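[1] What follows is a predicted protein model with its sequence.
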Amino acid sequence: LIQISTSKKGSSKWLHLSQDTIKNGKPGKREQVEEQTRQAILSGMSVVIDRMHLDQDQRAHFISIAKDCEVPIHCVFLQPARDVVEKRVRERKNHPAGVEGEKGARIAVASLGRVVIPTYDEGFDLISLAGVNDCIVKWLFHLYGTIMSDCKTHSALPFFRLSDDVVMPSLALGTMGLGKRKAEKVVSSAIMLGWKAVDTAPTYNNELEIGKALSSETFVIIKVPKKVTAPNQVRTELCNSLSNLGTQKADLLLLHWPCDAIESGNLHSIWEAMEQCKESGLCRFLGVCNFSINALRHLIPHCKIPPSVNQVERHPFLPQTELFDFCMNNNILIQAHTSLAQGSTDLLQHDIVSEIANDCGLSSAQVILNWNMKQGVAVVTKSASDVHLKEALGLFKDHLSPYHMKQLNSIQQKRRFVSPPFMHKPGAMYEWKKNVE
């Protein structure tokens, strides 16, 4: 799937092309699909190419077009089970190319066996691997719903849906480093301005002050601290935080760090204790923070209630592409902390960021926050002034175009700003890679 705009202001028009119907509703040649794709791109449209791309050589034709036209390309790679493919093809009728019935099923299965999984080395800007569940569908619906929406009409914050009847605000106020003298005032101002969510933790040492400013409608994120190494400590810590914050229930309960829980051998029982907190009504959803792919793989198979969120550092210097893909395919929403790279001038004043900010009439911070939002990532960000609090809310009225996103994705400098030594233990299941992505 190619998401395109030759204009820096973007385009809302999309074209669907399939080789099975490219010739006036009938099958045609790949070259015809290529030509119509190129024409659509040059006219400012976005294109969905519905075609069986089995290997690198077949995909290279359309990657080349994207590169020539300087537009991003997103590969949605479907991975249905063999029996699902056989059944669907065997039962379908009136396929334009006649791939149906028993003969069609044999052709489809043979093709499935020749498929080569795509990689970023081929030149894709984003790869989404979709299995038989609907996780990828939910994520794509949100991603392209955001891209194609008319954001000038928005009067409220966008949300991510965690269940059929519960949503989480896309933007949350971070409170780490927010001193006790300022905490109540800053949180109160944020809520009055329209902020809908607040991210907290007992280790931030400001829960009492934050609690004085919360409203009954605020989406509250609470964390189980790193020091918890036994399941019987979970409820105690959560209840302490709820008492400090003056609320009866956490909207989202996160396990703050994976290291101590894993080292103690009690990660699974600690998670079970968190599940019991949800079942007893002390929290609505569960999630984790700072979990690597390996840590998630260690946790997920043992979950009765899987994590809904993984809160990790993410910005253009640290896109965490592999982790992003893994979470997306396991129906785990990424929430970005340290989303402005701790205010690093290396990022905020980067030439590409500054150029896009000037082009769009945005601040550098809005550009960087928008970069995450456009990819279906929730954001936690800090601000101590009303000016910056208002500025952050402004990102929902000004979206970056695909052209801008491609420029931001091209930034070569990589750096992790939150990097405690305890997360770099060699060989540990939770170890963070030294070579950031």
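    Nice, thanks for sending it over.
[2] When you work out contacts or count neighbours from here on, use the C-alpha atoms and nothing else.
    Noted.
[3] Summarise which helices and strands the one helix or strand residue 184 maps to is packed against.
    Assigned by DSSP states H and E, residue 184 belongs to helix 180-193. When contacts are defined as 3 or more CA pairs under 8 Å, 6 or more residues apart in numbering; DSSP states H and E, helix 180-193 sits against helix 207-211, helix 386-393.
[4] So what's the residue count around the nearest residue to residue 159 once chain neighbours are set aside?
    Nearest non-adjacent residue to residue 159, counting by CA to CA, 6 or more residues apart in numbering: residue 169, 4.4 Å away. Residues lying near residue 169 (other CA atoms under 10 Å) number 19.
[5] Surely residue 169 and residue 160 touch.
    Yes - between residue 169 and residue 160 there is a contact at 6.2 Å, judged by CA atoms under 8 Å.
[6] intersection of neighbour lists for those two?
    residue 378 (CA atoms under 8 Å, 6 or more residues apart in numbering).
[7] So which of the helices and strands packed on helix 180-193 is nearest residue 127?
    With CA to CA as the measure, helix 386-393 is the member of the helices and strands packed on helix 180-193 nearest residue 127 (28.6 Å).
[8] Please state the offset of that closest one from the chain centre?
    Using CA atoms, centre = their mean, to the nearest Å, the distance from the centre of helix 386-393 to the centre of the chain it belongs to is 23 Å.
[9] report the angle between the axes of that helix and helix 180-193?
    Here the directions of helix 386-393 and helix 180-193 differ by 50 degrees (axes from the mean of the first three to the mean of the last three CA atoms, to 10 degrees).
[10] Need the CA coordinates for helix 386-393. CSV is fine.
    The C-alpha coordinates for helix 386-393 follow below in CSV (Å, rounded to 0.1, in the frame of the first residue of the first chain):
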residue,chain,number,x,y,z
ASP,A,386,0.4,27.6,29.6
VAL,A,387,1.9,28.6,26.3
HIS,A,388,3.4,25.2,25.7
LEU,A,389,0.3,23.4,27.0
LYS,A,390,-1.8,25.3,24.4
GLU,A,391,0.8,24.7,21.7
ALA,A,392,0.7,20.9,22.2
LEU,A,393,-3.1,20.9,21.8
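[11] Break down the stretch 101-250 of the chain into its helices, ranges please.
    Counting by DSSP state H, counting those that start in this stretch, the stretch 101-250 of the chain has these helices, from start to end: 101-114, 135-148, 180-193, 207-211, 232-245.
[12] which one of these has the lowest average pLDDT?
    Among the helices of the stretch 101-250 of the chain, helix 135-148 carries the lowest mean pLDDT, a mean of 60.
[13] thinking again about what came up before, take the helices of the stretch 101-250 of the chain and write them to a markdown table, including distance to residue 263 and mean neighbour count.
    A markdown table is the format used below for those (distance: least, CA to CA, whole Å; neighbours: other CA atoms under 10 Å):
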| stretch | distance to residue 263 | mean neighbour count |
| --- | --- | --- |
| helix 101-114 | 41 | 15 |
| helix 135-148 | 31 | 17 |
| helix 180-193 | 33 | 18 |
| helix 207-211 | 28 | 22 |
| helix 232-245 | 16 | 18 |
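[14] out of the ones you listed, nearest to residue 326?
    Per CA to CA, nearest to residue 326 of those: helix 135-148, 10.6 Å.
[15] hmm, back to that, turn the helices and strands packed on helix 180-193 into a markdown table, columns for distance to residue 76.
    Output for the helices and strands packed on helix 180-193, formatted as a markdown table (distance: least, CA to CA, whole Å):
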| stretch | distance to residue 76 |
| --- | --- |
| helix 207-211 | 42 |
| helix 386-393 | 31 |
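[16] how about the ones you listed, which one is nearest residue 52?
    It's helix 386-393; of the helices and strands packed on helix 180-193, that one is closest to residue 52 (CA to CA) at 41.5 Å.
[17] Tally up the residues packed near residue 167, please.
    Residue 167 has 14 nearby residues by other CA under 10 Å.
[18] Can you pull the phi/psi pair for the residue nearest the centre of the chain?
    With distances taken as CA atoms, centre = their mean, residue 377 lies nearest the centre of the chain, 3.4 Å away. Residue 377 has phi and psi values of phi -110, psi 130 when expressed as degrees, to the nearest 10.
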